[in-house]
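Undergrad: The following comprises the amino acid sequence and a computationally predicted model.
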Amino acid sequence: MNSWIFQAKPERYDVQGYVSEFKKIYWSVGHVKHAQSISLGDEVFIWKAYGNPRDFAGVIAHGFIVEPPTEKQKILLPQNLGDNYWRGGGFEKSTVKVGVSLDDVRPTLATGALRRERLDADDILSKSQIIKVRNGTIFFLKPEQAVRLKELWSKPEYLEDVIPEEKEPKNPFWNREELLLALELYIQNRKSPPNKSSKEVESLSKELNQLRACIGGPGAKSLRNTAGVYLKMMNFRSYDPFYISQGKVGMRHGNKLEPAIWNEFFGKENELFKACRAIREALKELPEYSSDDSEDDGFSEAAEGRLLTRLHKLRERSVKLVNAKKNWAEKQFGTLTCEACGFDFAKVYGKRGHGFIECHHRKPVHELGDGHKTTTEDLALLCANCHRMIHRQRPWLSVEELKSALC
Ligand SMILES: [Zn+2]
Ligand SMILES: [Zn+2]
């Protein structure tokens with residue numbers, strides 16, 4: 001007797017639904033070599049691959065071959081084919097089927113499905129084809145693998161059937177704004193970087209935690225401790241020609257963003273300092289992030305990062321300033337029209353549209369930290385459509401760029 005794993009990908013076939021409906025199921029046999037070697041009485045484990053969104057992968061049913069490979073037209077129970085479980089336009093390619101009688105069905109983690117991770121962790125099963133190859137629908141199990149898999153299957157762990165959230169490490173990745181501040185500290189002290197317990201590193205750690213509180217997202221507010229901050233700063237050393245030319249190699253554990261940022265700013269210290277000033281300005285001005293802050297307003301995040309995106313919105317939504325701008329325009333032109341497309345809410349919507357228009361802060365986001373207080377001249381009047389179009393993708397467009405892009 002041989003043992004097999006039959007795999008299905010949930011985005012193509014709802015195998016959980018199929019094994020839940022029928023005690024006897026049919027499986028396609030695409031390869032002649034399989035058609036020749038699968039025989040009556042063979043053992044079968046039904047395997048569900050990861051879904052999208054990613055859930056779990058693993059064994060969801062067990063059974064035995066009760067009908068050998070047979071032409072589709074000649075099978076005993078055509079009503080059990082389960083063709084209605086195909087998804088996303090998938091269809092049956094192979095015309096040869098084997099029949100499997102299921103004796104144990106556990107389609108979800110809550111009902112005791114055997115998770116792939118338990119095979120990964122097992123000396124014998126981690127070498128099996130399903131783990132090593134992954135792609136395919138039929139996998140042969142070596143005898144010792146089959147014995148082991150049966151053992152694991154007989155000791156289910158009943159887990160909550162929840163889809164885990166997108167995994168983010170306990171310490172979320174450093175974002176652009178955090179890295180800029182760390183790079184600044186390094187650049188200011190290239191020849192002798194401050195140590196872990198220095199005032200400088202401590203104050204950067206405080207600043208970064210404040211930044212985290214401001215942009216929201218996972219992680220405690222005391223996330224960036226001095227040890228971590230020090231390491232991150234020193235990571236930049238591994239890109240520093242001054243350091244490398246001395247024949248030393250820095251520690252390099254960083255993500256892809258680090259070399260990108262190094263290349264963007266190395267040799268352009270003034271740009272870096274300007275960007276950091278904008279970040280500090282935002283930290284001073286922005287209230288702490290709260291989950292009520294709706295981020296879903298059709299604005300993409302500025303290339304400069306989440307913090308400055310918030311600052312841009314805060315400034316162009318200042319009620320006092322917006323009113324002043326609108327009053328000024330009404331006095332000047334007698335109407336409020338979009339500076340990009342000329343749309344006039346009052347003309348189109350009558351009374352209801354009167355006095356309505358949005359304001360957009362013209363200044364490039366990275367220049368928001370120049371200490372200049374926003375005035376009505378920094379604001380452009382835009383209709384809601386044009387304003388969204390400016391912010392829809394990065395890089396954000398200037399009003400003039402949008403204007404010339406109008407069809
Ligand atoms: Zn417009
Ligand atoms: Zn805007």
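TA: Done, it's in. None of the values given here were measured: they were computed from a predicted structure. Ligands and ions are numbered 1, 2, ... in the order given.

Undergrad: helix or strand for Asp7, which one?
TA: No Asp there; residue 7 is Gln. Using DSSP states H and E, Gln7 sits in strand 3-8.

Undergrad: So for that strand, mean pLDDT?
TA: The predicted model assigns strand 3-8 a mean pLDDT of 95.

Undergrad: Past that strand, which element shows up next along the chain?
TA: Assigned by DSSP H and E, the successor of strand 3-8 is helix 15-21.

Undergrad: can you tell me how far whichever residue of the stretch 101-250 of the chain sits closest to ligand 1 sits from Glu184?
TA: For the stretch 101-250 of the chain, the residue closest to ligand 1 is Ile215, as judged by C-beta to the ion, at 29.7 Å. C-beta coordinates here come from the backbone N, C-alpha and C atoms, glycine included. Ile215 sits 18 Å away from Glu184 when distances are taken as C-beta to C-beta, to the nearest Å.

Undergrad: before we move on, back to that, now for the residue of the stretch 101-250 of the chain closest to ligand 1: which residues touch it?
TA: Remark: with contacts taken as C-beta atoms under 8 Å, 6 or more residues apart in numbering, Ile215 is in contact with Asn175, Glu177, Tyr289, Arg306, Leu307, Arg310.

Undergrad: Switch those residues over to a markdown table; also include secondary structure.
TA: Shown next, in a markdown table, are the contacts of Ile215 (DSSP: H, G, I helix; E, B strand; the rest coil):
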| residue | secondary structure |
| --- | --- |
| Asn175 | coil |
| Glu177 | helix |
| Tyr289 | coil |
| Arg306 | helix |
| Leu307 | helix |
| Arg310 | helix |
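
Undergrad: Burial check on Ile60, number of neighbours?
TA: The criterion is other C-beta atoms under 10 Å. On that basis, Ile60 has 27 neighbouring residues.

Undergrad: for Ile390, same thing?
TA: Counted with other C-beta under 10 Å, the burial measure for Ile390 works out to 21 neighbours.

Undergrad: Just the pLDDT for it.
TA: Ile390 carries a pLDDT score of 93 in this model.

Undergrad: Now for the chain, the helix or strand with the poorest mean pLDDT.
TA: The weakest-scoring helix or strand in the chain, judged by mean pLDDT, DSSP states H and E, is helix 241-244 (a mean of 78).

Undergrad: Just the CA atoms of the host helix or strand of Ile60, as CSV, please.
TA: Mapping Ile60 onto the secondary structure by DSSP H and E places it in strand 58-71. Backbone C-alpha positions of strand 58-71 (Å, rounded to 0.1, in the frame of the first residue of the first chain) are rendered in CSV as follows:
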residue,chain,number,x,y,z
GLY,A,58,-2.0,21.6,5.9
VAL,A,59,-3.9,18.3,6.0
ILE,A,60,-7.7,18.7,6.1
ALA,A,61,-8.9,15.1,5.5
HIS,A,62,-7.8,11.5,5.4
GLY,A,63,-9.1,8.5,3.4
PHE,A,64,-8.4,5.6,1.1
ILE,A,65,-8.6,5.0,-2.6
VAL,A,66,-11.8,3.1,-3.3
GLU,A,67,-11.9,3.6,-7.1
PRO,A,68,-8.7,3.2,-9.1
PRO,A,69,-7.8,5.8,-11.8
THR,A,70,-10.7,5.8,-14.3
GLU,A,71,-11.8,7.8,-17.2
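
Undergrad: if we can go back for a sec, parallel or antiparallel, list what pairs with the strand holding Gln7.
TA: Looking at strand 3-8 with DSSP bridges, its paired strands and their directions are strand 43-48 (parallel), strand 138-141 (antiparallel).

Undergrad: now those in TSV, with distance to ligand 2?
TA: Listed next are the strands paired with strand 3-8 as TSV, based on distance: least, C-beta to the ion, whole Å:
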stretch	distance to ligand 2
strand 43-48	46
strand 138-141	54
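
Undergrad: nearest spatial neighbour of the residue of the stretch 101-250 of the chain closest to ligand 1, skipping sequence neighbours?
TA: Closest residue to Ile215 in three dimensions, ignoring its sequence neighbours and counting by C-beta to C-beta, 6 or more residues apart in numbering: Arg306, at 4.6 Å.

Undergrad: Give me the angle between the strand holding Ile60 and strand 3-8.
TA: 100 degrees (axes from the mean of the first three to the mean of the last three C-alpha atoms, to 10 degrees).

Undergrad: State the next helix or strand along the chain beyond strand 58-71.
TA: The first helix or strand that comes after strand 58-71 along the chain, using DSSP H and E, is strand 96-105.

Undergrad: List the buried residues for that following strand?
TA: Taking 16 or more other C-beta atoms under 10 Å as the basis for neighbour counts, the residues of strand 96-105 that come out buried are Val96, Lys97, Val98, Gly99, Val100, Leu102, Val105.

Undergrad: what's across from the second one in the sheet?
TA: Residues found in beta-bridge contact with Lys97 (criterion: DSSP bridges) are Ser28, Thr70.

Undergrad: First-to-last residue distance for stretch 204-224?
TA: End-to-end span of stretch 204-224 (C-alpha to C-alpha, to the nearest Å): 9 Å.

Undergrad: can you give me the mean pLDDT across it?
TA: Per-residue pLDDT values over stretch 204-224 give a mean of 80.

Undergrad: For burial, what's the neighbour tally of the nearest residue to Asp240 once chain neighbours are set aside?
TA: If you skip the residues right next to it in sequence, Asp240 has Arg190 as its closest partner in space, 6.6 Å away by C-beta to C-beta, 6+ apart. The number of residues packed near Arg190 is 12, by other C-beta under 10 Å.
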